[in-house]
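1. Need coordinates for the below:
(chains A and B)
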Amino acid sequence: MSKKIHIRLANHRVNSSVAVYSRVPKIFTPGEIITPQNEFMRGHGTYEEDGNLKSSVAGVREQVNNLISIRPLKSRYNGEVGDVVVGRITEVQQKRWKIDTNSRLDSVLLLSSVNLPGGELRRRSVEDEHMMRQYLQEGDLISAEVQSVYSDGSLSLHTRSLKYGKLGQGVLLKVFPSLVKRSKTHFHNLPVGASVILGNNGFIWICPTIVNSEDSVGGFIQNLEEVIPRQQRETIARLRNCILSLTQSKMLVFDTSILYAYEESLKYEICELLQPEAMVDVALLTQQRLCMLEE
Amino acid sequence: MALCEAEKTFVLHGVEENFRIDGREREDYRPMELETSIVSHAFGSARLRLANTDVLVAVKIEVDIPFPEKPNEGKIEFFVDCSANATPDFEGRGGEDLAIELSNSLSTAYQSSRAFDLSKLCILKGRKCWKIYVDILLLECGGNLFDAVSLAVKAALWNAQLPLVKSVHVDGNNIEMDVSEELYDCQKLDIKNAPVMVTVCKIGDYCIVDPNQAEEKCSVGSIVVAVSGDRLSTVLQTGAGSLHPTTLVESMKLGHTVGQRLNQALWEALQQIPEDQDVGFLK
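-> Residues are numbered from 1 along each chain as shown, chains lettered A, B, ... in the order given. Here you go, the predicted model:
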């Protein structure tokens, strides 16, 4: 029953880097000269000094025609229209909810941009305004899509689709937004028996497989009575630890990498995956399989 | 951090199932990382990282006058600083209550002479003693602060080096101390029995150790048990909620056994530390 408690020393720390050295892009540090300024335009993450274009953040260079910008490796989430995000309600206001989406400012979900129970094209009445806290209250998690970006950078969200809405039982993980790979779909029903929502904002939601999403009415119902069986719990916990292993080694998170990591992790017990050695091993094996896939 | 009802239900059912959200059992700890002597201007220091909880402890030593009621005992004082980098809640005076709670619990845990022998810190009875300042800085909060802080304090005290006093001369009211001039001529503190705290968190009908932040939010009440050697030195309750007497006894037993394991693990880690190491994030 009683398991060993692991206290390791810092000089026995494992190097978590699994980068393939031939492909590491040049990383600019703040103050580093990108190029002598002549015909280039300065984009985000850059500034001009002494006739040179310099980087103001640590990140990789991105160039579109004459516009040079530096994309930071670690930052808060900068939303774009169409992104799938996972967020947590922080405040209920008049006709709107405030939502923490890991961006610099809280995002907004307007009452008019949610699907309310009882038909999609229903007029919002005063009763609906009074019922807002019944639909979503502080602390609740939702999945949503970015509808528009305001001029100050804050986001307006919408849940006008049956796939978005309130999230039920499951685990939330927070990773760097830059580690979530952009893809066509961010909702995955993994064959191992769990669903993941890879929010572009770095919030990842893992939950038991959603059987049929058709009969959900706007997604404001949570089943708190249901007990998730042990087997599904194990899958969810393993997925959680696998995604953490990937992000510890700064690998991109998408459906294939998660599945590969899951398969490679099967030789370990689930709680062994909290050990740094096991985490690096899983990340390394996943990296190798991804490289083989590319070739 | 707020949690929604469904997440709480998930955590609760997991604890009932003896399978927590990260795959641990109820009595499992997350792996930790320990570093000692990382603050060069302190007498001893340690940094402990337990998942996302990060604690830095520095020990400083001064010469002081003993309390009149305890003439042959030294002094030890704890000070906790909650950095606003750890969580935005600590901004301004936000972390003050937690800091006071932590330092009070540490000083009660270290009060007993069986836990930490203060009489070794006496230089001259009633006139001179060593006073140990233990400064604790919380760098990041990821749950289970008490355990992490007590482990880091113990490691920092283990690391601390007390200057060696060769002789003391009394000349009327003046007292002169002759401290060894050799840089490495120091004595170590005896911390074999120094207390280690274990937070036992009650979630639903079961008790768990080493709660993470989500689990702390779900708990109805928790007690902190300070274990020194094979004895309990302090028991205190944190947060709201009350415990049934039988639960209290059970969780104290659990804390006691886990505390001894924790102590053993820390001791083994401290023995591995080489004499002259040169690592640390501040060097």
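
2. Without its sequence neighbours, what residue ends up closest to the spatially most central residue of chain B?
-> What sits nearest the mean C-alpha location of chain B, by C-alpha atoms, centre = their mean, is residue B:150, with 1.3 Å. Spatially, and ignoring its direct neighbours in sequence, residue B:150 is nearest to residue B:197 (3.9 Å; C-beta to C-beta, 6 or more residues apart in numbering or on different chains). For glycine as for every other residue, the C-beta is placed from the backbone atoms N, C-alpha and C.

3. Going by contacts, tell me the helices and strands next to the helix or strand containing the one you found.
-> Assigned by DSSP states H and E, residue B:197 belongs to strand B:196-203. Secondary-structure packing of strand B:196-203 (3 or more C-beta pairs under 8 Å, 6 or more residues apart in numbering or on different chains; DSSP states H and E): helix B:5-16, helix B:145-159, strand B:206-209, helix B:213-218, strand B:221-228, helix B:245-272.

4. For these, could you give me TSV that also reports mean pLDDT?
-> Formatted as TSV, the helices and strands packed on strand B:196-203 follow (pLDDT from 0 to 100):
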stretch	mean pLDDT
helix B:5-16	90
helix B:145-159	92
strand B:206-209	89
helix B:213-218	88
strand B:221-228	89
helix B:245-272	89
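
5. Partner strands of the helix or strand where residue A:109 lies and their direction?
-> When elements are assigned from DSSP H and E, residue A:109 belongs to strand A:107-114. Its sheet considered, strand A:107-114 pairs with strand A:96-100 (antiparallel), strand A:155-159 (parallel) by DSSP bridges.

6. mind listing what's buried in that strand?
-> A:107-109, A:111, A:113-114 (16 or more other C-beta atoms under 10 Å in any protein chain shown).

7. Identify the residues contacting residue B:232.
-> B:225-226, B:252, B:255-256 (C-beta atoms under 8 Å, 6 or more residues apart in numbering or on different chains).

8. Apologies, that question was intended for residue A:138.
-> Contacts for residue A:138 (C-beta under 8 Å, 6+ apart) come out as A:89-92, B:2.

9. From those, which land in strands?
-> Among the contacts of residue A:138, the subset assigned to strands under DSSP state E consists of A:89-92.

10. what sits up against the lowest-mean-pLDDT helix or strand in chain A?
-> Lowest mean confidence among the helices and strands of chain A (mean pLDDT, DSSP states H and E): helix A:126-130, at a mean of 82. For helix A:126-130, contacts defined as C-beta under 8 Å, 6+ apart pick out A:94-95, A:111, A:116.

11. Now tabulate those in CSV and tack on secondary structure.
-> Listed next are those as CSV, based on DSSP: H, G, I helix; E, B strand; the rest coil:
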residue, secondary structure
A:94, coil
A:95, coil
A:111, strand
A:116, coil
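
12. For ChimeraX, write the selection for the buried entries among those.
-> The ChimeraX command for the buried members of these (criterion: 16+ other C-beta under 10 Å) is given here:
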select /A:111,116
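
13. okay, the contacts of helix A:126-130 in TSV with distance to residue A:52 next?
-> Converted to TSV, the contacts of helix A:126-130 look like this (distance: C-beta to C-beta, whole Å):
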residue	distance to residue A:52
A:94	50
A:95	49
A:111	50
A:116	55
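
14. of the contacts of residue B:232, closest to residue A:54?
-> Nearest to residue A:54 among these: residue B:226, at 53.1 Å, using C-beta to C-beta.

15. Okay, the residue in the stretch 151-295 of chain A positioned nearest to chain B and residue A:191: tell me how far apart.
-> Nearest residue of the stretch 151-295 of chain A to chain B: residue A:270, at 3.2 Å (C-beta to the nearest C-beta). Between residue A:270 and residue A:191 the computed distance is 18 Å (C-beta to C-beta, to the nearest Å).

16. quick one, what contacts residue B:199?
-> Residue B:199 is in contact with B:144, B:146-147, B:209-211, B:222-224, B:238, counting by C-beta under 8 Å, 6+ apart.

17. residues in contact with residue 53?
-> Since you didn't name a chain, this refers to chain A. Contacts of residue A:53 by C-beta under 8 Å, 6+ apart are A:33-37, A:40, A:42, A:46-47, A:68.

18. Chain B is the one I meant
-> B:140-145, B:148.
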